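1. sequence first, then the predicted structure, then my questions.
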Amino acid sequence: MGDTPVASLGGKTPLEAAHTPHMNRLAGMGEMGRVQTIPPGMEPGSDIANMALLGYDPAVYHTGRAPLEAASLGVSLDPHQVAFRCNLVYLEDDGRGGRRMGDHSAGHITTQEARELVNALQEACDGLPLTLHAGVSYRHLLVWDHGDDSLPTTPPHDILGEPSDPYARVYDQVEVLSRFVARAAAILAAHPVNARRVAQGRRPANAVWPWGQGRAPSMPTLQERFGLAGSMISAVDLLKGLGVYAGLEPVEVPGATGYLDTNYQGKVEAALGALEDGDLVFVHVEAPDEASHEGSLEKKIRAIEDFDAKVVGPILRGLEGKGLVHVLVAADHLTPLHVRTHVGDPSLFALFRGRLEASAGPAAKVHFHEKAASQTGLHLSSGPELFERLVGSI
C-alpha cells in the first residue's frame, strides 16, 4: 500500500490521493508513524516484512520464504529438504533473440487453471529428487531432497520487463533444476489451458520460476512469547505459513484470491468471528501490492479504497461497543509504482488502543498517508517494536 509521490497525482502518493475515511478515523483516534520492517542488509520481501510485523526479528528467524509457504500447505520439511516458491510465469520474446519477464503471475492465472497445470507438471519431476505442490493462483511450492539453499535465485516480480535469461542461468548450473525447468516449459507449451488462454487473449503460463528457497525455521509461538492465541486470514500461502509457525490458526475464506476480486466481506466476517474466542487476528490483503507490481495507478487506488471501505470500516464498526480493543493498520513494505517492486524504506502504520464507540461523523482532519506519518516524529526501528506496542497491556 505504501508508495512514493506520483507526478500525475500532483506529487501525492496513491494512499494520499485515495478516499480513506476509515483509516483516517483510526489515525485520528490513535497514533500514526513509520516503522522499519526491513532490517538493514536484508531483502525487502513480504516474507521478511510480515515476519517483522508479527513480532519476529527476521535477522534471527528468517531462513527463506518458501519454507513458510510449505507450512501453509501442510508440507513438513525434513532437515535435508529445501523448499522453493515456484511461480507460474509468462516469459515473452524481447525482440533480440532472448526473453524477458512479461508477468510474474502469468496474467493472474486462476487457481483452477493452475491446478490443472501443476497436475501436468508432476511429470517434470519424474526421476528427480523433487516434489511439486499446488498452491493458489500462480504461487506453488517445489521441494528438493538434499537441495542447495544457497543458490542466488531472483524473485520474478523484481525483474518485470527485464531480460530474464541472465537470472535463469542459475537453473542451468544445477542439473536437477535445469532438467525440471526445461521439461516444464515443454509441458506448458503443449497444455490445453494455455491454448485456451491464448485464444482468449490472455497471457499463458509458459514457464516455471523457482525462487525464495530455504529450510524449515525454528520459531517460538506467540502463545509461548506473549500468551496470545489467535488466527491468520490471508489468501497467500506465505502469510498462512507465517501464521502456522507463530501458532495462529489459519482461517480459510472462500473466494479469497489475493487480488482485486478477493472476498473482502468474507475476510471481515471471519476476522470478527475469530475475535470472539481468540486474542489476536491478523488480516492480510494483497491487492495493493499486486496492483503495484502491475504498475497500475488506477488499480492501486481502487485496491486502497476497497481495503478502507470493505475491510477497515466494517471491522471498526464490528468492534464498536466491544470493550478495550487494539487495532493496527500497517503496510508491510513500500511497493512504489515507478519501480514495480518492494523497497526497504520505512513503512507506515496507524495504531489505536481503547474503546471504540459508534462514529458520530467525520473524525478530526487527520489523513493517513506516508508524508503525514513521517511528520508525526514517531519512528520505530523494527517490526517487533511495533508488535510489542500493539499487544502491550492486553
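-> That came in fine, so what should we check first? Residues are numbered from 1 along each chain as shown.
2. Ala229 is in contact with Gly247, isn't it?
-> Yes. In this structure, Ala229 is within contact of Gly247 by Cβ atoms under 8 Å, at 7.2 Å. In this view, the C-beta of every residue, glycine as well, is placed from N, C-alpha and C.
3. contacts only, for the closest residue to Leu68 other than its chain neighbours.
-> Take Leu68 and drop its neighbours on the chain: the residue closest to it by Cβ to Cβ, 6 or more residues apart in numbering is Gly241, 3.6 Å away. If you count contacts by Cβ atoms under 8 Å, 6 or more residues apart in numbering, Gly241 has them with 67-73.
4. could you export these as a markdown table, including secondary structure, neighbour count and pLDDT?
-> Below are those laid out as a markdown table (DSSP: H, G, I helix; E, B strand; the rest coil; neighbours: other Cβ atoms under 10 Å; pLDDT from 0 to 100):
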| residue | secondary structure | neighbour count | pLDDT |
| --- | --- | --- | --- |
| Pro67 | helix | 28 | 96 |
| Leu68 | helix | 30 | 94 |
| Glu69 | helix | 29 | 92 |
| Ala70 | helix | 28 | 95 |
| Ala71 | helix | 24 | 94 |
| Ser72 | helix | 24 | 90 |
| Leu73 | coil | 19 | 92 |
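5. from the contact counts, what lies against the lengthiest strand in the chain?
-> Among the segments of the chain that qualify as a strand by DSSP state E, the longest is strand 81-93. Applying 3 or more Cβ pairs under 8 Å, 6 or more residues apart in numbering; DSSP states H and E, one finds that strand 81-93 makes contact with helix 66-72, strand 99-103, strand 139-145, strand 207-214.
6. now the ones you listed in JSON lines, with distance to Ala52?
-> Output for the helices and strands packed on strand 81-93, formatted as JSON lines (distance: least, Cβ to Cβ, whole Å):
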{"stretch": "helix 66-72", "distance to Ala52": "13"}
{"stretch": "strand 99-103", "distance to Ala52": "27"}
{"stretch": "strand 139-145", "distance to Ala52": "21"}
{"stretch": "strand 207-214", "distance to Ala52": "16"}
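7. single out the most deeply packed of those.
-> Highest mean neighbour count of the helices and strands packed on strand 81-93: helix 66-72, a mean of 28 (counted as mean count of other Cβ atoms under 10 Å).
8. show me what it is packed against.
-> Counting contacts by 3+ Cβ pairs under 8 Å, 6+ apart, helix 66-72 packs against strand 81-93, strand 130-136, strand 139-145, strand 207-214, helix 237-246.
9. closest to Leu348 out of the ones you listed?
-> Of all the helices and strands packed on helix 66-72, it is helix 237-246 that lies closest to Leu348, at 19.2 Å by Cβ to Cβ.
10. quick one: list the elements packing against the very next helix or strand once past that closest one.
-> Downstream of helix 237-246, the first helix or strand assigned by DSSP states H and E is strand 249-250. Packing partners of strand 249-250 (3+ Cβ pairs under 8 Å, 6+ apart): strand 230-233, helix 237-246.
11. what angle do the last one and strand 139-145 make?
-> I take that to be helix 237-246. 60 degrees (axes from the mean of the first three to the mean of the last three Cα atoms, to 10 degrees).
12. distance between helix 237-246 and the chain's centre?
-> Helix 237-246 sits 11 Å away from the centroid of its parent chain (Cα atoms, centre = their mean, to the nearest Å).
13. ok, now stretch 292-306?
-> The answer for stretch 292-306 is 15 Å, by Cα atoms, centre = their mean.
14. C-terminal to the helix or strand containing Ala291, what's the next element?
-> Per DSSP H and E: Ala291 is located in helix 287-294. Sequence order places helix 297-307 as the next helix or strand after helix 287-294, per DSSP H and E.
15. what angle sits between that next one and helix 287-294?
-> With the same axes, to 10 degrees defining the directions, helix 297-307 sits at 170 degrees from helix 287-294.
16. which elements pack onto the helix or strand following helix 297-307?
-> Later in the chain than helix 297-307, the nearest helix or strand by DSSP H and E is helix 313-319. Judged by 3+ Cβ pairs under 8 Å, 6+ apart, helix 313-319 is in contact with helix 21-29, helix 264-274, strand 324-330.
17. quick one: Leu130 from Ser359, how far?
-> From Leu130 across to Ser359, the span is 54 Å (Cβ to Cβ, to the nearest Å).
18. equivalent analysis for Pro210, please.
-> 48 Å.
19. go on, Phe180?
-> Distance of Phe180 to Ser359, given as Cβ to Cβ: 55 Å.
20. same question, Glu370
-> Plainly put, Glu370 is 25 Å away from Ser359 if you go by Cβ to Cβ.
21. more neighbours, those two?
-> Glu370 (24 against 15; other Cβ atoms under 10 Å).
22. test my guess that the more buried one contacts Phe349.
-> No. Applying Cβ under 8 Å, one finds Glu370 not in contact with Phe349, separated by 11.0 Å.
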